[in-house]
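*Asks:* Would you be able to build a 3D model of this:
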Amino acid sequence: MTEQAGPLLRRHLGDRRFLLTLPRAVGLQVLHPVIATALREHAPNRLWEHKKRTVSQMIYLAHTGRAADSVIRFAHEHVKGLDDRGHRYHALHPEVFLFQHATYVETLMTAADLFGPALSADDRDQLYRETRAWYRTYGVSDRRLPRTLPEFTEYFTDACATQLRTGPAAHEFRDQVLRPDAWIVRHLPAGAARAMQHPRALALFDVRPAPADTAALRAVALTARTGFTIAPRRIRYVSQARARTVR
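*Replies:* The predicted structure is shown next:
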């Protein structure tokens, strides 16, 4: 057994507000040609049912301290093939795995910005350090893992600019990303799901959020900030995290 994830990571990763922000991470993932192709070939049609299983397991592993390397290898070893341009891919390739992990890290930070609980500059640095330790539990090479939050921001900006494109699989998943149809994200207004997308995803999806979309996201954020502050733990935290989350 490995050590449990750090206290800030447990607090934010198990919070339902992180789940509400997942369309941002998933929007970027389906624009990555390898991740998109893998999703289409190995988890077709029901994008959010697949994410419910995988993200719930991700949260559980982080909170319990169970060794994740064997679980990750078992779940991803068979996920390989050819992308839409005929290039071989494997889900455990370090560059691919790092980018998918990075979308969750960036979304954790964005969830705090949008919905709370707010992060100070020191909190953000600590949270990033904890996500580095979290990544290492997966048993995937960490040679390219950015050492600091500024280095991560530089890496992520470059990866979004150079690694993403709108291939056939991205087109298939576009509507499910922008209008989630299952799990907790189905409760999001479509306008809020559009407005929370990363700028690179908006550009590649050719989406321009309307003022009504921004207003919808502000309304969801206001509800989350006020409602989750007073909500009991069984409402605030997912079951995989509830008993182990630092208050």
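*Asks:* Look up the pLDDT of the residue minimising distance to the centre of the chain for me, please.
*Replies:* What sits nearest the mean C-alpha location of the chain, by C-alpha atoms, centre = their mean, is Tyr104, with 3.0 Å. Reading off the confidence values, Tyr104 has pLDDT 98.
*Asks:* Surely Leu92 forms part of a strand?
*Replies:* No: applying DSSP: H, G, I helix; E, B strand; the rest coil, one finds Leu92 to be coil, outside a strand.
*Asks:* okay but it is in contact with Tyr138, surely?
*Replies:* No: the criterion here is C-beta atoms under 8 Å, and Leu92 misses it with Tyr138 at 9.2 Å. All C-beta atoms are positioned from the backbone trio N, CA, C, and that covers glycine.
*Asks:* If you count surrounding residues, which of the two has more?
*Replies:* When neighbours are counted by other C-beta atoms under 10 Å, Tyr138 comes out ahead of the other of Leu92 and Tyr138, with 21 against 17.
*Asks:* quick one, what contacts that one?
*Replies:* By C-beta atoms under 8 Å, 6 or more residues apart in numbering, the residues touching Tyr138 are Ala68, Asp69, Ile72, Phe97, His101.
*Asks:* go with 6 Å
*Replies:* When contacts are counted by C-beta atoms under 6 Å, 6 or more residues apart in numbering, Tyr138 touches Ala68, Ile72.
*Asks:* How about the secondary structure of it?
*Replies:* Look at Tyr138: counting by three-state DSSP, its state is coil.
*Asks:* Now do it, the pLDDT please.
*Replies:* 90.
*Asks:* quick one: it and Leu22, what's the gap?
*Replies:* To Leu22, Tyr138 is 19 Å away according to C-beta to C-beta, to the nearest Å.
*Asks:* Going along the chain, name the helices of this protein.
*Replies:* Secondary structure of the chain (DSSP state H): helices located at 7-13, 16-20, 22-29, 33-42, 47-64, 69-76, 94-115, 121-136, 149-163, 168-178, 190-195, 199-205, 211-230, 233-236.
*Asks:* Cool, thanks, talk later.
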